[in-house]
Every structure is written in C-alpha cells, then in structure tokens.
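[1] The sequence and its predicted three-dimensional model are supplied below.
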Amino acid sequence: MDHSDQANRRLGGLMVSAQAGDRAAYDALLRDCVPVIRAVARGRGVPPDAVDDVVQETLLTIHRARHTYDPARSFRTWLRTIAERRAIDLLRRQGRQRSREVHDEAAYETHPAAAQTPVAEVDAGLRQAIDGLPEGQRQAIEELTLKDRSLAEAAQATGRSPGALKVNLHRALKTLRARLSREEG
Amino acid sequence: MAHSTENLIRELGEGLAPVRRAAAPNRLALLWLGLAALITAGIAVFFDMHAALARLDSAADTRLAALGSLLTAVLAAKAAFELAMPGRSRLWALLPLPAALLWIGASGMGCLRQWTTDGWDGSVHSECLMSIIGISAPLAVAMIVMLRRAFPLHPVLTASLAGLACAAASASMLGMFHPADPVVADLAFHALAVAVVTAAMTASGGRLLQR
C-alpha cells in the first residue's frame, strides 16, 4: 500500500469517527482537508485571493454532506468532487459579478461613504461577524471601512489589487448584512 | 491557515452531531421502484391484465417500446440516486441512454407502422397526457424527497434524470393499461407528456435539489 492510499484510508477513518460524533477526529480531518481543497481550487484556476473562499465553502459543504460519505469508497474522491464543485460555483459567481459590476476608481473614491468618519470602535457582535469573514473579505472591510484607507493605500497594505479589494468589500458587506439581519431576526 | 478558516473549523467542530449514514443508491433506487410497483399494482386492480398482455403480444415494436420504457425508468432512477452522492462520476448520467434510445426507436417504429396503416385521424388524446403527468406527480415528489436526503452536487442534471425516471415509469404503466392499441395520436401524446414531465423536473427540480 503506498503513502497516498494510507493517507486516503486515514482520512476515511477520521470521517467515519466524525459521522459518529467524534469531535477530535473531525477537527483533524478538516485540517487535513484544507491543503487538498487549496490544490483543487488552484488547479481549477481560482484566483489566489479567492482560494480561502473556496476552502471555507467546501468545509461548510463537507459538514452538511458528511452523512453521504461511504467508508467503502475513496474519501479523496468524495472530497475532490465537493471541492471542484465549489471552485466552479465560485468562478461562475465571479464571472456573473464581473459582467454586472462597473469598476470605476473615481466613483469609488468620490462615493459619500468614503468621506464618512472612520469607525474607530465597532460593537462586539459586528466585530465577531467581521472576524468570521473569509480572509480577503475581512481585510477589505478592515482596510477600506474601519481604517478608512483609500483604495490605493489598502492595495499597498494588503498586496491585493484594487479590483480584488472592491469585489471583496462588496461581498463582505453582503455577507455581513445577511448575517446581522439573521441575528436580529 | 487563515484565521477565519481556523474559526470556521472550530465552529463546525462545536456544532458536530452524530449522523446516520445515507442509504446506498441501489437501495434508494429499489425503494423508489418499489413505490412505482405499488402504484402499478393499485392501477392493475381496475384493468384487464389479459388484454394488456395480449396487446404486448400484438407487435414486436410494442414489446420493445415497453421494455425500453421500463429499463429507462430503472436505469434513470439508479443514475439519479448515484449522482445525488458526492464522489460519483457524472458519467452515470449516460446510463439510461441506451434504454431511452430503444424506447424512442421502438415507439418511432410503432408510430410509422400505425401511420402507414391508419394515418392520423387528427384526434387530440389529452387523457394520455394527463395520465402520464398525473402518475408522475407522486413519483416525482417521492423522488425529490429521497434525493434531498442525499446531497446532489449537480442538481439540474440529477433532476433531469429524476424527471426521465418518473416519466418513463408513468409511460410504462400507461402502456400496460392503455384501453386500446395505441394509435399515432396516442404515441405522439405519450412523447409530449414525457417531454413535459422531464422538462418540468429539470426546470424546478434544480432549485428543489440545490444545496
């Protein structure tokens, strides 16, 4: 049995334990899944700043679909099909978004929201919601909204392109709106 | 690993509960086909089975079309339940194709035979349309409920196969209990009904199975 077979069996064993409610096994399994998901996302052509989104979407799907894993079959194949699906979903979403959004630097910089006073303090609930965002979205919110940096400054600070920051900010606001309205409701 | 991914893993671990493993696709397909068989048995009470069997004996294309529709129902159901499990190849979608081709081909031959002997009297056989749609409805509801318990990663494709399975099963039942030898108009309306059921499931089932 080669190394990859052993790893596959080990992951399958961890999932069987997770199906029975073993939290430690589940934690170890999810951590071991992350590099595999990253590789699948990169292989599918997901931009580097969106790989974490695919990782998190896939982890959520693993959680919801864990009852469908059959220990008689390969865990890696099960995981890869989920990761590939989520990567394709993200690429399609990005494609649709790009076709709708207008990237106008001047419009962003002159938007009334950009002139507002920086938010120095945010309440605990909002802070927790921001911390729960994917890395790229969290950075966009922190740099452009909480620290009130310009698009160029934020791009320099994070090493991300202005376009990526705008897309991430747009998504972060959408996610936060949904999460906070759910909590209120 | 990103900070937010760490948080997510922790949250998912905190929310972990034991789960009952999903039934195997073969078992789900057998369960659904069992339901279809029960409906068939229920309908058979009201029909003359000897006449139905005699009709099957009347022409080779009728027998082949019946075999084709029955196999399409079985194989499309099997393919739909396979596709509802992550990790299965999308090639499963091709499984009912040979049976569907046999069904379409034999029905086409039957149509041609009827056309050359009797032609089409221009009648509209909406009862065939309504029967297939009516029988498909409970089968479709059962199929959607069962598929949702799995986790279809290709909801539209899975729903299309489910629709094909329901329509083929209904058409098989109607073929068996048809009050007379089917004429061209009957066959044309059977085909229309199968297309309507499959298209409706493809259009709505995709949303119903979205996870």
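    Perfect, thanks for sending it. Numbering: from 1, shown residues only, chains lettered A, B, ... in the order given.
[2] Tell me how many other residues surround residue 147.
    All of this is about chain A. Neighbours of A:K147 under the rule other CB atoms under 10 Å in any protein chain shown: 14. Where you see a C-beta, it was placed from the backbone N, CA and C, and this is true even at glycine.
[3] try chain B instead
    Neighbours of B:L147 (other CB under 10 Å): 24.
[4] what's the spacing between A:D27 and chain B?
    Distance, A:D27 to chain B, using CB to the nearest CB, to the nearest Å: 5 Å.
[5] Spit out the contact partners of that residue.
    B:I9, B:R10, B:G13 (CB atoms under 8 Å, 6 or more residues apart in numbering or on different chains).
[6] Of those residues - the most surrounded one?
    That'd be B:I9 among the contacts of A:D27, by other CB under 10 Å, with 22 neighbours.
[7] Now do the same contact list for it.
    Residues near B:I9 by CB under 8 Å, 6+ apart: A:D27, A:L30, A:R31, A:L59.
[8] For PyMOL, what selects the buried ones among these?
    In PyMOL, this line selects whichever of these come out buried by 16 or more other CB atoms under 10 Å in any protein chain shown:
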select buried, chain A and resi 27+30+59
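[9] so what's B:M109 up against?
    Contacts of B:M109 by CB under 8 Å, 6+ apart are B:D61, B:L64.
[10] mind listing what the spatially most central residue of chain B touches?
    Closest residue to the average C-alpha location of chain B: B:A165 at 1.2 Å, with CA atoms, centre = their mean. Contacts for B:A165 (CB under 8 Å, 6+ apart) come out as B:W32, B:T72, B:A73, B:A76, B:A77, B:A80, B:P96, B:L139, B:M143.
[11] for the strand or helix carrying B:A168, what is the average pLDDT?
    Element membership of B:A168 [criterion: DSSP states H and E] is helix B:155-177. Per-residue pLDDT over helix B:155-177 has a mean of 88.
[12] could you dump it to CSV, C-alpha only?
    In CSV, the C-alpha atoms belonging to helix B:155-177 read as follows (Å, rounded to 0.1, in the frame of the first residue of the first chain):
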residue,chain,number,x,y,z
PRO,B,155,-28.9,19.4,-9.1
VAL,B,156,-30.1,20.2,-12.6
LEU,B,157,-28.6,17.0,-14.1
THR,B,158,-29.9,14.9,-11.2
ALA,B,159,-33.4,16.5,-11.5
SER,B,160,-33.4,15.8,-15.3
LEU,B,161,-32.7,12.1,-14.6
ALA,B,162,-35.3,12.0,-11.9
GLY,B,163,-37.8,13.5,-14.3
LEU,B,164,-36.9,11.0,-17.0
ALA,B,165,-37.3,8.1,-14.5
CYS,B,166,-40.8,9.4,-13.4
ALA,B,167,-42.0,9.9,-17.0
ALA,B,168,-40.7,6.6,-18.1
ALA,B,169,-42.3,4.7,-15.2
SER,B,170,-45.6,6.5,-15.9
ALA,B,171,-45.4,5.8,-19.6
SER,B,172,-44.7,2.1,-18.8
MET,B,173,-47.8,2.0,-16.7
LEU,B,174,-49.9,3.7,-19.3
GLY,B,175,-48.6,1.4,-22.0
MET,B,176,-49.7,-1.5,-19.9
PHE,B,177,-53.2,-0.2,-19.1
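[13] nearest to chain A, of the contacts of B:A165?
    Of all the contacts of B:A165, B:A80 has the smallest distance to chain A: 14.3 Å, by CB to the nearest CB.
[14] Look up how far B:W32 lies from the closest residue to the closest one other than its chain neighbours.
    Ranked by CB to CB, 6 or more residues apart in numbering or on different chains and with sequence neighbours excluded, the top spatial neighbour of B:A80 is B:L161, at 4.0 Å. Look at B:L161 and B:W32: by CB to CB, to the nearest Å, they are 12 Å apart.
[15] The residue nearest to the spatial centre of chain A sits in which helix or strand?
    Nearest residue to the geometric centre of chain A (CA atoms, centre = their mean): A:D53, 2.1 Å. For A:D53, the element it lies in under DSSP H and E is helix A:51-65.
[16] In terms of helices and strands, where is the residue lying closest to B:P25 once chain neighbours are set aside?
    Distances taken as CB to CB, 6+ apart place B:F81 nearest to B:P25, at 3.8 Å, with adjacent residues excluded. B:F81 is part of helix B:60-83 when elements are defined by DSSP H and E.
[17] Which positions within the worst-scoring helix or strand of chain B on mean pLDDT qualify as buried?
    In chain B, no helix or strand scores lower on mean pLDDT, DSSP states H and E than helix B:49-58, which sits at a mean of 72. Neighbour-count burial for helix B:49-58 flags B:A52, B:R55 (criterion: 16+ other CB under 10 Å).
[18] Please apply the same query to stretch A:137-149.
    A:Q137, A:R138, A:Q139, A:A140, A:I141, A:E142, A:E143, A:L144, A:T145, A:L146, A:D148, A:R149.
[19] Give me the phi and psi for A:V46.
    Note on A:V46: its backbone torsions stand at phi -70, psi 130 [degrees, to the nearest 10].
[20] quick one, what contacts it?
    A:V54, A:A87, A:L90, A:L91.
[21] before we move on, back to that, identify the residue nearest the residue nearest to the centre of chain B in space, chain neighbours excluded?
    B:A76 is the one closest to B:A165 (CB to CB, 6+ apart), at 3.7 Å.
[22] and what of A:V55?
    Spatial nearest neighbour of A:V55, excluding adjacent residues (CB to CB, 6+ apart): A:I37 at 4.9 Å.
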